[in-house]
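model this:
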Amino acid sequence: MKKLYLFIYFLFTILSLSFSQTHNELLNQQDLLRKEAASINKSIKENQSDQKLTIESLNLLNNKIDIQEKLLKSIQKEINYFKNEQNLLEKELAKTSYNLKKNQENYSKLIKTTYLAHQTHSPLIFFFSSATFNQLLQRINYYNQLENNRRLKFEEIKKLIEIKKTTKNKIKAKKKIQLNLAKDKELEIKSLEKDKQTKKTTINFLKTKEDSLKISLANKENEANKIKNEIIELLEREKIKNKSLTPESKLISDNFAKNKSLLPWPTQEGTIAVNFGERPHPIMPGIKIMNNGIEIATSSNRVRSVFEGEVSKVLVLPNSLKVIILRHGEYFTVYSNLYEVFVDIGDKVSTKQNIGSLYNAANKTRNLLGFQIWQERTKLNPKKWLSSY
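Numbers count the residues shown, from 1 in each chain. Model prediction:
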């Protein structure tokens, strides 16, 4: 019986540790999702107060809705894990209750047997009526065993009662946690429904601005082509000159490659409003948008270099916003939509050095920072290169 209890306890402990590890992972995931959602929410409010309803607002809303849906799934997983733990505890409680009942029945029978033995035979007469000394010892041993068995059963019953009480309290605690999680889930669902309604309002408003959206899209495509052509031109000029990487540039290039997923963000804080790659236009059906990098919504005005390098180009766009192209060996980083720049062509920059600003401090009309990474002619997804906050 002791071996059975030890096995049940051991099995439950292992399963609890497994659930605990998974639970910690879920909590970490939820913490990151909530931080990201809060950052996006802050950017949405700033974007709306500065520029009313825009494509950027819609992109941020889409990102927030995606995060909220992931958060809801994570909360449901957490509820399921606690439900599984509760089920295990209830199975343990059922086994404990069954064993307790059996032990109590056996103990009752043992008490009755002892009582009847005492009623039928006086212990002293029983001992002294022994025919031999060996028989006396056997009778004494018999009485001792009865007493030991009674005491052991009593202690076992006490332990089972305590285990039953503890298990019931654990089940109660698990149910309480599930109830609190269900309330959290309900609040997240309400927040999600509210954001989905805001998304509908934003889409309906932007549909009335299709002409201006087409102009904005054309301007973005021209800007993207200008940046791409500048990088190609830089590479072509070096090719004509047969100029290869210097040992210093080669070292910077190698170090840049080693820091994939570890690069600091080009802003002190912020969230990705527009992701890398091709995607359908959120308003105009049938139109695809290609983004050569990411766009970052931020309340921080300062823009910084993500790695040491050299300023290869500073561009001024038709809308008067500026672009900085930094060289890091065979890699380039691009920072666009800048209000002003603090560096010149040929300047050496260090990691996290301020190289420009996003908006005029007087009016604080925020721009989304465009950020790209190229490996010579190949555009890379910056999200895979930047560290997570």
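
Tell me the confidence at Gly370?
Per-residue pLDDT puts Gly370 at 94.

check contacts around the closest residue in space to it that isn't next to it in sequence.
Nearest residue to Gly370, sequence neighbours excluded (C-beta to C-beta, 6 or more residues apart in numbering): Ser336, at 3.5 Å. Where you see a C-beta, it was placed from the backbone N, CA and C, and this is true even at glycine. For Ser336, the contact set (C-beta atoms under 8 Å, 6 or more residues apart in numbering) comprises 223, 227, 317, 321-323, 369-372.

Which ones among those residues lie within strands?
Among the contacts of Ser336, the residues falling in strands (DSSP state E) are 322-323, 369-372.

can you tell me how far Ile289 sits from Ala218?
12 Å (C-beta to C-beta, to the nearest Å).

more crowded one of these two?
Neighbours per residue (other C-beta atoms under 10 Å) separate Ile289 from Ala218, with Ile289 holding more: 17 against 10.

Which secondary structure elements does the one helix or strand the more buried one maps to sit against?
Per DSSP states H and E, Ile289 falls inside strand 288-291. Strand 288-291 sits against helix 210-240, strand 277-280, with contacts defined as 3 or more C-beta pairs under 8 Å, 6 or more residues apart in numbering; DSSP states H and E.

just these: most buried one?
helix 210-240 (a mean of 14; mean count of other C-beta atoms under 10 Å).

Off-centre distance for it?
Helix 210-240 sits 36 Å away from the centroid of its parent chain (C-alpha atoms, centre = their mean, to the nearest Å).

go on, stretch 244-262?
That offset, for stretch 244-262, works out to 31 Å (C-alpha atoms, centre = their mean).

Same question for stretch 382-389.
With C-alpha atoms, centre = their mean, you get 15 Å for stretch 382-389.

Equivalent analysis for stretch 299-312, please.
The answer for stretch 299-312 is 28 Å, by C-alpha atoms, centre = their mean.

Stretch 346-362 too?
That offset, for stretch 346-362, works out to 31 Å (C-alpha atoms, centre = their mean).

what does stretch 332-352 give?
32 Å.

and the end-to-end length of it?
Using C-alpha to C-alpha, to the nearest Å, the end-to-end distance of stretch 332-352 comes out at 15 Å.

on that earlier part again, and the residue nearest to Gly370, what helix or strand is that in?
Assigned by DSSP H and E, Ser336 falls in strand 331-338.

Which neighbouring elements make contact with the next helix or strand after that strand?
Under the assignment DSSP H and E, the closest C-terminal helix or strand after strand 331-338 is strand 340-341. Packed against strand 340-341 by the contact rule (3+ C-beta pairs under 8 Å, 6+ apart) you find strand 322-328, strand 354-357.

Provide the strand pairings for the strand holding Ser336, with the direction of each partner.
strand 322-328 (antiparallel), strand 369-375 (antiparallel) (DSSP bridges).

and of the ones you listed, who's closest to Pro285?
Across those, Pro285 has its closest neighbour in strand 369-375 (25.0 Å, C-beta to C-beta).

wait, which of the ones in strands among the contacts of Ser336 is closest to Ser108?
Of the ones in strands among the contacts of Ser336, the one sitting nearest to Ser108 (C-beta to C-beta) turns out to be Phe371, at 78.1 Å.

pLDDT at Asp195, what is it?
Value for Asp195, per-residue pLDDT: 92.

Now for it, how many residues are close by?
Around Asp195 there are 19 residues (other C-beta under 10 Å).

sorry, back to before: can you tell which of the helices and strands packed on strand 288-291 is closest to Glu188?
Nearest of the helices and strands packed on strand 288-291 (C-beta to C-beta): strand 277-280, 25.7 Å.

Which elements pack onto the closest one?
By 3+ C-beta pairs under 8 Å, 6+ apart, strand 277-280 packs against strand 288-291.

hang on, isn't Lys170 packed against Leu89?
Yes: look at Lys170 against Leu89 with C-beta atoms under 8 Å: they come within range, at 5.3 Å.
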